[in-house]
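Participant: structure here, sequence nowhere to be found:
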């Protein structure tokens, strides 16, 4: 079974802090994704990476950046956290540009105070 | 552009009754379609997918979904619902030529004993 692990389940940070969310997958998947989930809005794609050091903006990249230095790890960075970034953040991975489903981690519930 | 609509925010059924969760999609070509389920404080779990072939696809936990190209729908069904099926359900669509997966807003299913 694919395992996608997000480093924190719950995180509380202050406005203006630089925040790092980490995600690791164990199945050698090329593609990795970061979403945020808000009630009534479903999942919105922040960034995705189709290979090491490759990244593309999703639908809502403003205020975020990402890093993919190794294939198994995809980091989401909030450069200067703001209260409107309080949300559930979900990481996912997928085998290449295939018809296979994305596999999700359990999420990080981030609160910015 | 691709998009998904889940017209019902909530679906309530009695245990043992049939369960249907509706989904319609918009995509330029032949779609890849997915259903996921999310239990409280967890990530999304894959239920089933339609790629090509038989319009009725079967998935995990007794769920199935019917692809209808003329109505651009992919409704999720279960013949006899269980209390444990109470969760948040997401439909998702992907254009095979795109990396991205687009999600609906989600439907909360409550199965009462």
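Facilitator: Structure received. Keep in mind it's a predicted model, so treat the numbers as computed, not measured.
Participant: for stretch B:6-13, list every residue counted as buried.
Facilitator: Neighbour-count burial for stretch B:6-13, counted by 16 or more other C-beta atoms under 10 Å in any protein chain shown, picks out B:6, B:8, B:11, B:13. Where C-beta positions appear, they are placed from N, C-alpha and C, glycine not excepted.
Participant: chain neighbours aside, what residue packs nearest to the first one?
Facilitator: Meaning residue B:6. Nearest non-adjacent residue to residue B:6, counting by C-beta to C-beta, 6 or more residues apart in numbering or on different chains: residue B:104, 3.7 Å away.
Participant: ok, now how distant is residue B:37 from residue B:67?
Facilitator: 18 Å (C-beta to C-beta, to the nearest Å).
Participant: the spatially most central residue of chain A: what secondary structure?
Facilitator: In chain A, the residue lying closest to the centroid (C-alpha atoms, centre = their mean) is residue A:34, at 2.8 Å. Counting by DSSP: H, G, I helix; E, B strand; the rest coil, the backbone at residue A:34 sits in strand.
Participant: for the one 10 residues further on, same thing?
Facilitator: The three-state label given to residue A:44 by three-state DSSP is strand.
Participant: quick check: bridge partners of it?
Facilitator: For residue A:44, the beta-bridge partners under DSSP bridges are residue A:36.
Participant: that one contacts residue A:64, doesn't it?
Facilitator: No - counting by C-beta atoms under 8 Å, residue A:44 sits too far from residue A:64 to count as a contact (11.3 Å).
Participant: tell me the contacts of residue B:37?
Facilitator: Residues counted as contacts of residue B:37 (C-beta atoms under 8 Å, 6 or more residues apart in numbering or on different chains) are B:44-45, B:47, B:87-90.
Participant: same check, this time on residue B:13
Facilitator: Residue B:13 neighbours (C-beta under 8 Å, 6+ apart): B:19, B:81, B:109-112.
Participant: what does chain B put close to chain A?
Facilitator: Taking C-beta under 8 Å from any C-beta of the partner chain as the contact definition, chain B meets chain A at B:4, B:9, B:32, B:34, B:36, B:41-46, B:49, B:51, B:90, B:96, B:99-101, B:103-106.
Participant: try 6 Å
Facilitator: When proximity is defined as C-beta under 6 Å from any C-beta of the partner chain, chain B approaches chain A at B:32, B:34, B:42-44, B:46, B:49, B:51, B:99-100, B:103-106.
Participant: filter those residues down to the buried ones.
Facilitator: B:32, B:34, B:43-44, B:46, B:49, B:51, B:99, B:103-106.
Participant: which of those sit farthest apart?
Facilitator: The largest separation in those, counting by C-beta to C-beta, is between B:51 and B:105 at 23.7 Å.
Participant: how close does the residue nearest to the centre of chain A sit to chain B?
Facilitator: Counting by C-beta to the nearest C-beta, to the nearest Å, the separation of residue A:34 from chain B is 12 Å.
Participant: many thanks, we can stop here.
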